[in-house]
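Visitor: the following block contains a protein sequence and its predicted model.
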Amino acid sequence: MKRTEYKTPEELKILTNKTWNETAAVIKKLKKRKPKNLDNFVHRLHHEAFDEFDCLDCANCCKTIGPRLTDKDIERLARHLKMKLPDFIEQYILIDEDGDSVFREHPCPFLLPDNYCMVYENRPKACREYPHTDRKRFYQILKLSHKNCETCPVVYNIFKEITRANW
Ligand code: SF4
Ligand code: SF4
């Protein structure tokens, strides 16, 4: 795979939209066929890309899409910040239109100016797992990951390879 280079979310959105239909057609095929080698294919590209690309040069995800927070995430973050749970919730959390707990603000309130995460050791589970390209049964999250091409330059590059491959 071509070396990943940083792109802004605005650039990624334009690029993703240009090939949206072509990629969506491949996704449709993959969801139907569920090829056994899809996980290995995607996981190899994930590791290749993240061995070279440093998320500190990006932080698009922390700047533009907040994680969905579990109760455990919220309790752990409040403890980390030595705040009382109700105070932490009042200051940082809101319930979105889907009923999920999310941070009140974007960029994330814990993102530092140098792109480090202030709560890294205790960051939410969704932050640890993003962008999910090392997930088993990747065919289950193809559509969600396609949307992530608009945010993550690594996911964008992985989908270019998925679209090119002969399934
Ligand atoms: S908690 Fe940390 S990793 Fe998660 S969005 Fe905020 S800055 Fe990024
Ligand atoms: S996971 Fe993707 S979007 Fe987030 S910082 Fe790393 S490369 Fe950027």
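Guide: Looks like it arrived, so ask away. Ligands and ions are numbered 1, 2, ... in the order given.

Visitor: which residues of this structure lie near ligand 2?
Guide: Near ligand 2, the residues belonging to the chain are 55, 58-61, 130-131, 151-154 when assessed by CB under 6 Å from any ligand atom. Where C-beta positions appear, they are placed from N, C-alpha and C, glycine not excepted.

Visitor: 8 Å instead?
Guide: 4, 6, 50, 53, 55-56, 58-62, 115, 130-131, 148, 151-155 (CB under 8 Å from any ligand atom).

Visitor: of those, list those near ligand 1.
Guide: When contact is defined as CB under 8 Å from any ligand atom, those meet ligand 1 at 59, 61-62, 130.

Visitor: those in helices, which ones?
Guide: The helices, defined by DSSP state H, take in 61-62 from these.

Visitor: switch the ones next to ligand 1 among the residues of the chain next to ligand 2 over to a markdown table; also include neighbour count.
Guide: Listed next are those as a markdown table, based on neighbours: other CB atoms under 10 Å:
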| residue | neighbour count |
| --- | --- |
| A59 | 18 |
| C61 | 22 |
| C62 | 23 |
| Y130 | 18 |
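
Visitor: what about the nearest residue in space to D114 that is not next to it in sequence, distance to I65?
Guide: Spatially, and ignoring its direct neighbours in sequence, D114 is nearest to L56 (7.3 Å; CB to CB, 6 or more residues apart in numbering). Between L56 and I65 the computed distance is 18 Å (CB to CB, to the nearest Å).

Visitor: now F159
Guide: Counting by CB to CB, the separation of F159 from I65 is 17 Å.

Visitor: please consider this matter closed, and thank you.
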